[in-house]
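Visitor: My questions are about this predicted structure, shown below with the sequence.
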Amino acid sequence: MGARARRKDLIGRAALYDILAVAAVSTIVLVGMLYAEVVYVFDLTTLLVSVVIPLVAGTAIFVARKNRILLFAFLSLFWALVDDRPVFFDSVLTWPEVTRFHPFLPRLFMNIVIHGLTVLFLYLMIRESMKGSAVRLRNASGVIFLAAVAFILAYAQNIPLAAVQNVVEAGSNPASWYPFDIATKSASVFFICLTIWQATRLNATGDHARSAAQSRSGNK
C-alpha cells in the first residue's frame, strides 16, 4: 500500500470515528433531555442527568478524539439545547420553579451567560477551523454570516415575530413546541456544518496559495 493510499485509509478511519463520536454524544444528550421531559422535576438530579453528565461526557469524547472543531461545535450548541424546554436551564437559579418574567433578573442573567457561551464557542470553532489560514476572521464575511445564522436559529424562540412567540407561549404543550424546536435546532446544526466547511475551505485555499507561492519562488 502506497503512502497516499495509507493516508486516505487513515483519513477514512478518522472520519468514521468522528461520526461514531457524534452519534454517541448525541445519544447521551438526547437521553438527558428525555429524562427531563419525562420526570419534569427540576432538582439536583435533573441538573446532573440532563446537564452535567452530557456536558462532561461530550467534552471527554471529543477531547479523546482530539478533534477541537467538533468539541467547540458541540459546546456552542449544547447551551442552546438545554436553554428551554425540556431542561429549562435558563431558570436554573430559580429551580424547582420555571420562570419567564417573575422573577426576571435570574433568568435574564442566565440567558446572557448561555448566549455568551454559544458565541464564545462558535468563535473558537471558527478560529480552530481556520487555523493556519492566511485569511483573517474579520475578512471572512461568509463564515461570520453562516455562524450568525446558526446562532439565530439555535435561539429562534427569541425571534420577535408573532408566529414564533405564539409557539413559545404555547411551550407548555409539547405538540406545539417540539416540532418548532427540532426544526430550528436541526437547521442550526446544518448552518454550523456549513460554517465549518466554509472556514476549512478558506484554510485549504490559503494552503494552496502558499504552496503555489513557494513553488514559484523555488523556480526563480
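Guide: Good, I have the coordinates. Computed from a predicted structure; not experimentally measured.
Visitor: For the rest of this, base every contact and every neighbour count on C-alpha atoms.
Guide: OK.
Visitor: and the residue sitting nearest the centre point of the chain, what helix or strand is that in?
Guide: In the chain, the centroid-proximal residue (CA atoms, centre = their mean) is Leu77; its distance is 2.5 Å. Using DSSP states H and E, Leu77 maps to helix 68-83.
Visitor: And for Ile192?
Guide: helix 174-219.
Visitor: What mean pLDDT does that helix get?
Guide: Average pLDDT, helix 174-219: 75.
Visitor: What of stretch 84-96?
Guide: 91.
Visitor: List the buried residues for that stretch?
Guide: Asp84, Arg85, Pro86, Val87, Phe88, Phe89, Asp90, Ser91, Val92, Trp95 (16 or more other CA atoms under 10 Å).
Visitor: Could you tell me which residues within stretch 124-139 count as buried?
Guide: So, applying 16+ other CA under 10 Å, buried residues of stretch 124-139: Leu124, Met125, Ile126, Arg127, Glu128, Ser129, Met130, Ser133, Leu137.
Visitor: Show only the entries of the residues you listed found in helices.
Guide: Leu124, Met125, Ile126, Arg127, Glu128, Ser129 (DSSP state H).
Visitor: any idea whether Lys66 is helix, strand or coil?
Guide: Assigned state for Lys66: coil (three-state reduction, DSSP: H, G, I helix; E, B strand; the rest coil).
Visitor: Distance check, it against Leu75.
Guide: To Leu75, Lys66 is 15 Å away according to CA to CA, to the nearest Å.
Visitor: Comparing the two, which residue is more hemmed in?
Guide: Leu75 (21 against 12; other CA atoms under 10 Å).
Visitor: Do I have it right that the residue nearest to the centre of the chain meets Tyr155?
Guide: No - counting by CA atoms under 8 Å, Leu77 stays clear of Tyr155, with 9.8 Å between them.
Visitor: wait, isn't Trp95 in contact with Asp43?
Guide: Yes - using CA under 8 Å, Trp95 makes contact with Asp43 at a distance of 6.6 Å.
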